[in-house]
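*Asks:* structural data only, the sequence is not supplied:
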């Protein structure tokens, strides 16, 4: 399997997530066209990806869902879990939780943490349980390695704690600077900077 | 003024926006420390930026708000307006409108467009008027050059229309491919890809 590209590997968690959902729904067999609608990946790409792991499917019959699940789970590591947590249920965190269009495409946000969970569990209502930040250890989903960070301040302390609890990846929506503990990685999503940059470029065009 | 860096220039629209707000509120003078809280830029940076345009302020007295406004408006072009529109008030568009933490930092979303505005003006309520997409020309704010694109499909046609109406910059939240008309620029914000990439990287660490 040394030939499998990074682009293909990136789709494994997406496949695993979708197949687990389908299996929960009682699905035993799936055609590439049907899976395609579920994961938003072209049927030809799906068929090629599956052929690389030795799954050719059967004409007019499709792929065996459970067989694919066990293959992808093995490929991703037995402990692999696509569950994610979100820290900081302010306006941005709430927007992300309510948007949460990622169910079939990446991971699933299973719960959130905040300093004032009793407030966050009221209006505007979010669709996952919100726990107090002090319950991080207690409520951390088993196997969870990804945290979405939306807190306005105090990022460093939280990041250190998350590191100690086994979180390896941070999706960073904060604008605060923090030092990443060794063995952790992050990706920044900075909408404000993105808009500012665009405004700047547009102004440059006008000069 | 040939010495002013890109980083500094990027802050001009931020300053202009904040100063206009402050002026509307009746503010005549402002200290760098006070402005700093408003724009989330350090006072030392503000003082350096302002000194580059010949404004040194007065110790214990601050800067003249209207003078700064006229300078930044001239620097950015007399027609400069930080108003933005948003296209596509689905779950993502609604989240962005409700988050809208950008009022003091970049531009202001003044209105939105959708195929079913009557639905969008109901629940969950957004805080700007939503017009039908066919009213783009009629309802386009004067001087507006930036559009935030959140539609699930049909991006190409909308982008072409926006181009004809004078939009120069697109903040692109869609995942659909489209060809950018000449003279237009865009910045992509792709939260799903960002999360997928992070998941991939974390999995690579586990191997």
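*Replies:* Now that the structure is in, tell me what you want to look at. Here the structure is a predicted model, which means the values were calculated and not measured. Residues are numbered from 1 along each chain as shown, chains lettered A, B, ... in the order given.
*Asks:* what comes into contact with stretch A:51-60?
*Replies:* With C-beta atoms under 8 Å, 6 or more residues apart in numbering or on different chains as the test, stretch A:51-60 has contacts from A:1, A:3-4, A:8, A:31-32, A:47, A:50, A:63, A:67-68, A:71-72, A:75. All C-beta atoms are positioned from the backbone trio N, CA, C, and that covers glycine.
*Asks:* in that stretch, what's buried?
*Replies:* A:53, A:57 (16 or more other C-beta atoms under 10 Å in any protein chain shown).
*Asks:* same thing with stretch A:165-178?
*Replies:* A:167-174, A:178.
*Asks:* filter these down to the ones close to chain B.
*Replies:* Among these, the residues lying close to chain B (C-beta under 8 Å from any C-beta of the partner chain) are A:168-171.
*Asks:* tell me which element the closest residue to chain B within chain A falls in.
*Replies:* In chain A, the residue that lies nearest chain B is residue A:95 (3.7 Å; C-beta to the nearest C-beta). Following DSSP states H and E, one finds residue A:95 within helix A:91-99.
*Asks:* domains for chain A, by residue range?
*Replies:* Domain assignment for chain A, taken from automatic domain parsing, gives A:6-75, A:81-193.
*Asks:* let me know the average pLDDT across the first one.
*Replies:* Translated: domain A:6-75. Throughout domain A:6-75, pLDDT has a mean value of 88.
*Asks:* confidence-wise, which of the buried residues of stretch A:165-178 comes last?
*Replies:* Least confident entry in those, by pLDDT: residue A:174, with 85.
*Asks:* now do the same contact list for that one.
*Replies:* A:88, A:149-152, A:155.
*Asks:* out of those, who's the most crowded?
*Replies:* residue A:88 (26 neighbours; other C-beta atoms under 10 Å in any protein chain shown).
*Asks:* my guess is that residue contacts residue A:152, does it?
*Replies:* Yes - Residue A:88 is in contact with residue A:152 according to C-beta atoms under 8 Å; the separation is 7.2 Å.
*Asks:* circling back: quick one: which of the contacts of residue A:174 is nearest to residue A:119?
*Replies:* Checking these against residue A:119 with C-beta to C-beta, the nearest one is residue A:88 at 12.6 Å.
*Asks:* is the longest strand belonging to chain A positioned near chain B?
*Replies:* Counting residues, the longest strand in chain A under DSSP state E turns out to be strand A:108-114. No - judged by C-beta under 8 Å from any C-beta, strand A:108-114 stays clear of chain B, getting no closer than 10.0 Å.
*Asks:* for that strand, packing partners?
*Replies:* Contacts defined by 3 or more C-beta pairs under 8 Å, 6 or more residues apart in numbering or on different chains; DSSP states H and E place strand A:108-114 against strand A:83-87, helix A:91-99, strand A:130-132, helix A:136-139.
*Asks:* residue ranges of the helices in chain A, please?
*Replies:* Taking DSSP state H as the criterion, chain A contains helices spanning A:6-24, A:32-39, A:43-52, A:65-76, A:91-99, A:117-120, A:136-139, A:155-164, A:191-206.
*Asks:* the first one - contacts with which helices or strands?
*Replies:* Helix A:6-24 is packed against helix A:32-39, helix A:43-52, helix A:65-76, helix B:191-206, with contacts defined by 3+ C-beta pairs under 8 Å, 6+ apart.
*Asks:* now what about that helix, what contacts it?
*Replies:* The contact list for helix A:6-24, computed with C-beta under 8 Å, 6+ apart, reads A:30, A:35, A:38-39, A:41, A:45-46, A:49, A:52, A:65-66, A:68-69, A:72-73, A:75-76, A:80, A:82, A:103-108, B:196-197, B:199-200, B:203-204.
*Asks:* could you report the neighbour count for residue A:141?
*Replies:* 14.
*Asks:* ok, it touching residue A:108?
*Replies:* No - contact criterion C-beta under 8 Å: residue A:141 and residue A:108 do not qualify, at 9.6 Å.
*Asks:* who touches both of the two?
*Replies:* With C-beta under 8 Å, 6+ apart as the test, residue A:141 and residue A:108 both reach residue A:83.
*Asks:* check the spatially most central residue of chain A and give its pLDDT.
*Replies:* By C-alpha atoms, centre = their mean, the mean C-alpha position of chain A lies nearest to residue A:107, the distance being 3.1 Å. Per-residue pLDDT puts residue A:107 at 71.
*Asks:* separation between the residue nearest to residue A:129 when sequence neighbours are not counted and residue B:201?
*Replies:* Once flanking residues are discounted, residue A:129 sits nearest to residue A:111: 4.9 Å by C-beta to C-beta, 6 or more residues apart in numbering or on different chains. Shown here: residue A:111 relative to residue B:201, a distance of 23 Å by C-beta to C-beta, to the nearest Å.
*Asks:* so what's the residue count around the residue nearest to residue A:129?
*Replies:* 18.
*Asks:* who does it bridge with?
*Replies:* Residue A:111 forms beta bridges with residue A:85, as assigned by DSSP bridges.
*Asks:* where's it relative to residue A:144, distance?
*Replies:* 9 Å.
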